[in-house]
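Colleague: Just the structure for this:
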Amino acid sequence: MVRTYVESITGIYTGSDGDLRVLLHRDLMEKGLQGEGLQDARVWLVKTHFPESSTVHSFKAERAVLCVRNPLDAIVS
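Modeller: Okay, the predicted model is just below:
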């Protein structure tokens with residue numbers, strides 16, 4: 001949801017390290033996250049679950065935004 005808010009407020013695509021061969025990532029792109037799977041200069045933010053899950057592509061970042069969810073609220077999802 002954070003990516004959707006950022007994109008709607010700024011008009012700039014947000015990327016991810018997701019593999020577009022995976023149905024979930026293709027669905028996210030089709031649902032409006034046009035930067036899904038991108039990690040280059042076309043996007044300003046890249047969502048990742050590193051180091052929890054391995055990524056298809058590695059990328060370098062100059063800065064990071066860390067979003068941490070309350071585990072008790074996140075268990076259901």
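Colleague: what helix or strand is residue 28 on?
Modeller: Element membership for residue 28 (DSSP states H and E) is helix 23-30.
Colleague: Can you work out which other helices and strands pack against the very next helix or strand once past that helix?
Modeller: Going down the chain from helix 23-30, the next helix or strand is strand 46-47, by DSSP H and E. Other helices and strands packing on strand 46-47, by 3 or more C-beta pairs under 8 Å, 6 or more residues apart in numbering; DSSP states H and E, are strand 15-16. Glycine gets a C-beta too; all of them are placed from N, C-alpha and C.
Colleague: For the strand it packs on, name the packing helices and strands.
Modeller: strand 46-47.
Colleague: what's the following helix or strand after the strand it packs on?
Modeller: That would be, after strand 46-47 and using DSSP H and E, helix 71-74.
Colleague: average model confidence for that following helix?
Modeller: The average pLDDT within helix 71-74 is 82.
Colleague: Also stretch 5-23?
Modeller: 85.
Colleague: Now that stretch: buried residues?
Modeller: For stretch 5-23, a neighbour-count test (16 or more other C-beta atoms under 10 Å) marks 6, 7, 13, 14, 15, 16, 17, 18 as buried.
Colleague: go on, stretch 33-45?
Modeller: For stretch 33-45, using 16+ other C-beta under 10 Å, the buried residues are 33, 34, 35, 36, 37, 38, 39, 43, 45.
Colleague: I'd like the residues you listed laid out as a markdown table, including pLDDT.
Modeller: Putting the buried residues of stretch 33-45 into a markdown table (pLDDT from 0 to 100) gives the following:
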| residue | pLDDT |
| --- | --- |
| 33 | 82 |
| 34 | 82 |
| 35 | 83 |
| 36 | 86 |
| 37 | 83 |
| 38 | 83 |
| 39 | 84 |
| 43 | 86 |
| 45 | 85 |
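Colleague: Looking at these, spot the one nearest residue 26.
Modeller: residue 36 (7.8 Å; C-beta to C-beta).
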